[in-house]
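>>> Need a 3D model of the sequence below.
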Amino acid sequence: MYETRKEAADACKYEAAAAERFSTAAIRKASEGQCSAAWRLADQARMAARCAMQAHEALWAQVGEDMTEAEFAAFEKAEIAQVSASRAERAAAAAVEKLNAAQHGLPPKLDALCEQTGTRPEGIKALMAYYTENSGWTEQQAVEHIEKLFEDGTVEALKMLK
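Coordinates of the predicted model:
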């Protein structure tokens, strides 16, 4: 694939830089709530990171531990590209979760608590429905009670029962 160690090192740097650019853009789109764009960019970041790792492996096969400082820096960038791509994928996934929570119609306070604690919004929506429909509480009473359930650890305990 790469005929010289310079080609492999250059490919590591080039693909790692592309992965970083795509990752940064994906994270920005995710923070703006643009889920589709965030996932497209995260996928591109992952592909660039894979290409960087192919160059990484080729460089290692050609030079092993006998790398120059510049080659080692390129080698490292390829490894870091993997982390950047994963960060972009997590940001895109979080944006989708946030969108899903918003679509579930949770009050903003509970939506934020779900996001902070990694709690699935569907479960909190079921609690809201139980308190407002079956117990006759107002939405405000239900929200305040569920906030207390987050605070005292009840929600975390319930999540452990899976």
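
>>> Report the buried residues of the helix or strand bottoming out on mean pLDDT in the chain.
The helix or strand of the chain with the poorest confidence is helix 108-117; it has a mean of 87 (mean pLDDT, DSSP states H and E). Counting neighbours by 16 or more other Cβ atoms under 10 Å, one finds that the buried residues in helix 108-117 are Leu110, Asp111, Leu113, Cys114. Placement of C-beta: from N, CA and C, glycine included.

>>> Contact partners for the last one?
What that stands for is Cys114. Cys114 makes contacts with Ala101, Leu106, Arg120, Pro121, Ile124, as judged by Cβ atoms under 8 Å, 6 or more residues apart in numbering.

>>> Buried residues, stretch 40-48. List them.
Using 16+ other Cβ under 10 Å as the test for burial, stretch 40-48 gives Arg40, Leu41, Ala42, Asp43, Gln44, Ala45, Arg46, Ala48.

>>> follow-up on the earlier one: quick check: the farthest pair among the buried residues of helix 108-117?
With Cβ to Cβ as the measure, no two of those lie farther apart than Asp111 and Leu113, at 7.4 Å.

>>> what's the average pLDDT for the biggest helix by length in the chain?
Across the chain, the helix with the greatest residue count (assigned by DSSP state H) is helix 69-103. For helix 69-103, mean pLDDT is 90.
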